[in-house]
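Enquirer: Give the three-dimensional model of this entry:
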Amino acid sequence: MTTQPKIKSVEQENVVPFRPSSMLDEMERMFESFMPHGWLKPFHTEHAWIGGAGPHVDVIDRDDTIVVKAAMPGVSKDDLEVSTTDHTVTIRGSTQSETKEEKGEYYRHEISTGNYLRTVTLPASVDESRAKAKFKDGMLELTLPKLESAKRHTIAVE
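Expert: As a prediction, this is how the structure comes out:
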């Protein structure tokens, strides 16, 4: 009769799952730290978000309201359109810039245009009819009042 060796059961605690994309992200961050920003795109415009994911957005969840702030340098108020549903806000806009430079025989003329669209999911339902928007110095700030049913309510613990 042969006896089999007993295998100890090993509990695994604090195991971090392997995520190949996070490793690639880390490699990309390391590569970017060695090279200056934008060295592969010498003619890239200042507005990197045009045609990309959209402007940088902060969403702040307060007791009675949700505040959405979007940084949009170089955009004019007339080129903005903001729409909302009870759970999303959409920011749509466009920019256009033109630069001319002439020195002796050197002449440069660049026109840059772009359209963008960004939809953000809100953490609670909002009352679109009472929404307010302010735009100043390239910053859009939306104040979206929450619906009464979406507000936080305190429950007394007995």
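Enquirer: Which parts of the chain are helices?
Expert: Secondary structure of the chain by DSSP state H: the helices cover 20-34.
Enquirer: Flag the shaky bits of it, pLDDT-wise.
Expert: 1-23, 25, 31-54 (pLDDT under 70).
Enquirer: any idea where the strands of it begin and end?
Expert: Using DSSP state E, the strands of the chain run over residues 56-61, 65-71, 80-84, 88-103, 106-121, 132-136, 139-145.
Enquirer: Can you verify my assumption that Gly138 contacts Ser76?
Expert: No. Using CB atoms under 8 Å as the test, Gly138 is too far from Ser76 to be in contact (9.6 Å). Heads up, the C-betas are built off the backbone N, CA and C, glycines and all.
Enquirer: do you know which of the strands of the chain lies nearest Glu158?
Expert: Closest to Glu158 of the strands of the chain is strand 56-61 (CB to CB; 28.1 Å).
Enquirer: Identify the residues contacting the nearest residue to Ser83 once chain neighbours are set aside.
Expert: Distance criterion CB to CB, 6 or more residues apart in numbering; nearest residue to Ser83, sequence neighbours excluded, is Thr90 at 4.9 Å. Listed by CB atoms under 8 Å, 6 or more residues apart in numbering, the contact partners of Thr90 are 82-84, 117-120.
Enquirer: what's across from Thr90 in the sheet?
Expert: Ser83, Thr119 (DSSP bridges).
Enquirer: From Asp63, how far off is it?
Expert: Applying CB to CB, to the nearest Å, the value for Thr90 to Asp63 is 25 Å.
Enquirer: swap in Pro145?
Expert: Here the criterion is CB to CB. By it, Pro145 lies 11 Å from Asp63.
Enquirer: Those two: who's more crowded?
Expert: Pro145 (18 against 7; other CB atoms under 10 Å).
Enquirer: List the contacts of the more buried one.
Expert: 64-65, 126-127, 130-131.
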